[in-house]
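Peer 1: How does the following fold in three dimensions:
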Amino acid sequence: MAGRVGMIWVPGGSFLMGSTSVYREERPVRTESVSGFWMDTQPVTNKQFGEFISATAYATFSERQPDAAKYPDADPALLVPGSLVFRKPPGPVNLRDYRNWWEYVPGASWLHPEGPDSIIDSRDNYPVVHVAYEDACAYAAWAGKELPSEAEWEFAARGGLDGATYAWGEEFAPNGRAMANTWQGRFPWENLNEDGYEGTSPVDAFPANGYGFYDMIGNVWEWTASSFAPPRTDTVKKSCCVPSEAGADATRRVVKGGSHLCAPNYCQRYRPAARLGEPVDTSTGHIGFRCVVRKSATMPL
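Peer 2: You can find the predicted model right below:
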C-alpha cells in the first residue's frame, strides 16, 4: 500500500483491550476489533503545530479569553488566557490535592509552555502541549486527518504484543534501559531524571514499539476521539493526570498513554491499557495528540 509521509499503516485486527491489574477504569479485559488505519509515527510536534497556526491564524483554547458564564465559581483573576502548568513543590505534599503541583498560569500556551517568559525555539521536535480537545480536532481537520478512537490508539500502542503490560513487553526497564519518558522518584517533588529528562522530551528520544510508533507511552498524554464513561459503581480518582478546573458536567474524552509526570508512587498509567477522562475545556503542559487516516478517508498520498 502506498505510504503517507510520517505515518504507518496498521492492519486491522482483534486484540485484548483493557486490564484488570491496576485501575478500575481499565476494566474489563475484552476483545475489541479495529479496521486498518494510518497513524502518525509520533505525536504532533511544535514545528508541525506551528505550521498549522501559520497557515490558519488559529487561536488555541488557552490563548482565548475564558467565558465567565462557563466558570461561575472561578477566581476572576484567573479568567484570562492561560493554561495549567506543573510546578514541582520543594518537598512532600498531600497527594489528594492536585493544586499542590498544578497552577493556572496566565499567558501559558503552546508557544509558552512554562508561562509567558518561556519559549519553544529549541523544541521543534518536542510534542506540542497546552492543546485542548478542540485544538487537536482543528489541527487534524486542517491536515486531512482525524483523532484516533481509544481502541485504535490502544491497538497501535500495543505494537502486536497482545495482553502485554507495557508497549515493549513485561519488564518496565529491560536491562536497565528507559523505554519511555516517565517520572522516577517520589512524585511530585523528587524527580531523579534517570531517563535523562525533567519535563517533555523529543518525540523520537525513546525506542519505537513493534509497529514503529514512538512515544505511545510517556512524554505526553494523547487525546482520542472517544467519549469517556467511568465505571458505573465508581468514580475516577483525581490524579496528577486530571488537573481540571472544568465543571463536573464537562464533556470528557479519553486520553491515553501517560506522561512524563506518571510515577510508580502515584500514577501508574504508562501502559497501553491506561485511560483517563479529560474534560474537553482544559489544556495542560502534559497533554498532546497524534492523528490517524482511515482507509475510507481521502488524503493526498
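Peer 1: For the rest of this, base every contact and every neighbour count on C-alpha atoms.
Peer 2: Fine.
Peer 1: Next, residue 135: phi, psi?
Peer 2: Backbone torsions of residue 135, given as degrees, to the nearest 10, read phi -70, psi -40.
Peer 1: give me the number of residues near residue 20?
Peer 2: 12 (other CA atoms under 10 Å).
Peer 1: so which strand or helix has it?
Peer 2: Assigned by DSSP states H and E, residue 20 belongs to no helix or strand.
Peer 1: Just the element for residue 16, please.
Peer 2: Going by DSSP H and E, residue 16 is part of strand 13-17.
Peer 1: Tell me the strands beside that strand, with direction?
Peer 2: Sheet pairing for strand 13-17, assigned by DSSP bridges, gives strand 30-34 (antiparallel).
Peer 1: same question for the partner strand, mean pLDDT?
Peer 2: Averaging pLDDT along strand 30-34 gives 97.
Peer 1: Please apply the same query to stretch 192-204.
Peer 2: The model assigns stretch 192-204 a mean pLDDT of 97.
Peer 1: and that stretch, how far from the chain's centre?
Peer 2: Its chain's C-alpha centre and that of stretch 192-204 lie 15 Å apart, by CA atoms, centre = their mean, to the nearest Å.
Peer 1: for stretch 283-297, same thing?
Peer 2: The answer for stretch 283-297 is 9 Å, by CA atoms, centre = their mean.
Peer 1: before we move on, what about stretch 41-57?
Peer 2: Distance, centroid of stretch 41-57 to centroid of chain: 16 Å (CA atoms, centre = their mean).
Peer 1: Now the element after the longest strand seen in the chain, going C-ward?
Peer 2: Assignment by DSSP state E gives strand 221-227 as the longest strand of the chain. On the C-terminal side of strand 221-227, the nearest following helix or strand under DSSP H and E is strand 252-256.
Peer 1: any idea of the angle that next one forms with strand 221-227?
Peer 2: Relative orientation of strand 252-256 and strand 221-227, computed by axes from the mean of the first three to the mean of the last three CA atoms, to 10 degrees: 140 degrees.
Peer 1: Just the CA coordinates for whatever helix or strand comes next after strand 252-256, please, in CSV.
Peer 2: Downstream of strand 252-256, the next assigned helix or strand under DSSP H and E is strand 275-279. Provided in CSV are the C-alpha atoms of strand 275-279 (Å, rounded to 0.1, in the frame of the first residue of the first chain):
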residue,chain,number,x,y,z
ARG,A,275,-7.1,5.6,30.3
LEU,A,276,-8.5,8.7,31.8
GLY,A,277,-11.3,11.0,31.1
GLU,A,278,-10.1,14.6,30.4
PRO,A,279,-12.6,17.5,30.2
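Peer 1: and whichever helix or strand comes after strand 275-279, average pLDDT?
Peer 2: Downstream of strand 275-279, the next assigned helix or strand under DSSP H and E is strand 287-288. Mean pLDDT, computed over strand 287-288, is 98.
Peer 1: ok, now how distant is residue 139 from residue 266?
Peer 2: 32 Å (CA to CA, to the nearest Å).
Peer 1: on that earlier part again, quick one: average confidence on the longest strand of the chain?
Peer 2: On average, strand 221-227 scores 98.
Peer 1: How far off centre is that strand?
Peer 2: Chain-centre distance of strand 221-227: 8 Å, with CA atoms, centre = their mean.
Peer 1: So what are the sheet partners of it and their directions?
Peer 2: Assessed with DSSP bridges, strand 221-227 is paired to strand 252-256 (antiparallel), strand 287-288 (parallel).
Peer 1: export the ones you listed to TSV and tack on distance to residue 212 and mean neighbour count?
Peer 2: Conversion of the strands paired with strand 221-227 to TSV gives the following (distance: least, CA to CA, whole Å; neighbours: other CA atoms under 10 Å):
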stretch	distance to residue 212	mean neighbour count
strand 252-256	18	25
strand 287-288	19	27
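Peer 1: Return the residues in contact with residue 157.
Peer 2: Residue 157 makes contact with 167, 209, 213, 216, 217, 272, according to CA atoms under 8 Å, 6 or more residues apart in numbering.
Peer 1: I misspoke; the intended subject was residue 271.
Peer 2: Taking CA under 8 Å, 6+ apart, one finds 165, 166, 167, 217, 257, 258 in contact with residue 271.
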